[in-house]
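K.L.:
Only the shape, not the letters, is given here:
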């Protein structure tokens, strides 16, 4: 799903988003801050993790076909066959209960997921058109979203417990099948014993296959739902920041970097900044610079193009004024940079993907924070 985000920078001073250059890739389009009233929108393509947000569940129904009733033969082998038949009946009853529990959990997860998606969509729609920071209605909706997502997580936990039970059933099924086959070698059987034994073997084989299918599909459901809950928890964290600020960001930056290991750090240093183009330049020339939404969009675009990107946040201190003024500017610039790093982490950027540095320059008039990508 392509999301549209409105730049929240004031033209002329506060914020300039520059291009991002990779050594073997095209430039990320240059992005320039505009007045919010201008209504300029920049499209940020969905990441791979965002493209399939809804949880996917299996559709298999694993109801055993039952056990054929046998006639007593009066032999010891016949009595053993009857006991094994009883074991298979109890096993199939257990599998039937497992299947019922799985279908119930699936139905509950679908209902919870629909409610969760509806709640978060309403929050995002309200943020999209604009709202007040910390809107209590959105805070309440966010709390409901978190509660609903935790119900999905609880269902995943119940699926894990069910998986252990099905695994035990699988071991019992294998034992019954081995016992049935071993019974063929017993002496004192009549033809009817072996006929019933053959039927029992076929039905046990089908039960083994059914349990294997149930266990495989259940484990697939668990893996998908675990990933889904993990992604949505990260997105909820970013959504809470958006509600607090009253502006829409998007999905967590962690999801845009999903499944990609960070490259080794230290590949770039502050000393060679003159050879690097900043992805973002934030000029702190007035209080409360509205940099969060543009920074989120620029970093999202960088991660879309290169999921393994690492970001260097560098405070730039102007070399102007008395030594005392320079020292004060250095402290303030450092705090500004730390605030930007904290914002990125809150938006889901893994902490091992961002570094913090500082330098000074005679070319800047105010404290600045530059974000470089590598």
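P.N.:
Yes, it's here. Owing to the predicted nature of the structure, the values given are computational and were not obtained by experimental measurement. Residues are numbered from 1 along each chain as shown.
K.L.:
Pick out the residue nearest the middle of the chain.
P.N.:
Residue closest to the average C-alpha location in the chain (CA atoms, centre = their mean): residue 231, at 1.7 Å.
K.L.:
That one is in contact with residue 253, isn't it?
P.N.:
No. Using CB atoms under 8 Å, residue 231 is not in contact with residue 253; the gap is 11.8 Å. (C-beta placed from N, C-alpha, C; glycine too.)
K.L.:
what's the neighbour count on residue 210?
P.N.:
Using other CB atoms under 10 Å, residue 210 is surrounded by 20 other residues.
K.L.:
Need the three-state assignment for it.
P.N.:
What DSSP: H, G, I helix; E, B strand; the rest coil gives for residue 210 is helix.
K.L.:
now swap in residue 193 and tell me
P.N.:
helix.
K.L.:
And it, how close does it get to residue 137?
P.N.:
73 Å (CB to CB, to the nearest Å).
K.L.:
Going along the chain, name the helices of the stretch 151-300 of the chain.
P.N.:
For the stretch 151-300 of the chain, the helices defined by DSSP state H, counting those that start in this stretch cover 191-245, 253-256, 292-305.
K.L.:
Can you say which of these is packed in most?
P.N.:
helix 253-256 (a mean of 24; mean count of other CB atoms under 10 Å).
K.L.:
residue contacts, residue 189?
P.N.:
75, 77-78, 197 (CB atoms under 8 Å, 6 or more residues apart in numbering).
K.L.:
Just put those in CSV and tack on distance to residue 226 and pLDDT.
P.N.:
Below are the contacts of residue 189 laid out as CSV (distance: CB to CB, whole Å; pLDDT from 0 to 100):
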residue, distance to residue 226, pLDDT
75, 52, 95
77, 48, 95
78, 48, 95
197, 43, 96
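K.L.:
Same list as before, the residues you listed that is, but in a markdown table and with secondary structure and distance to residue 359 included.
P.N.:
Compiled in a markdown table, those are given as follows (DSSP: H, G, I helix; E, B strand; the rest coil; distance: CB to CB, whole Å):
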| residue | secondary structure | distance to residue 359 |
| --- | --- | --- |
| 75 | coil | 92 |
| 77 | helix | 88 |
| 78 | helix | 90 |
| 197 | helix | 83 |
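K.L.:
By neighbour count, which of those residues wins?
P.N.:
Among the contacts of residue 189, residue 197 has the most neighbours (other CB under 10 Å), with 23 neighbours.
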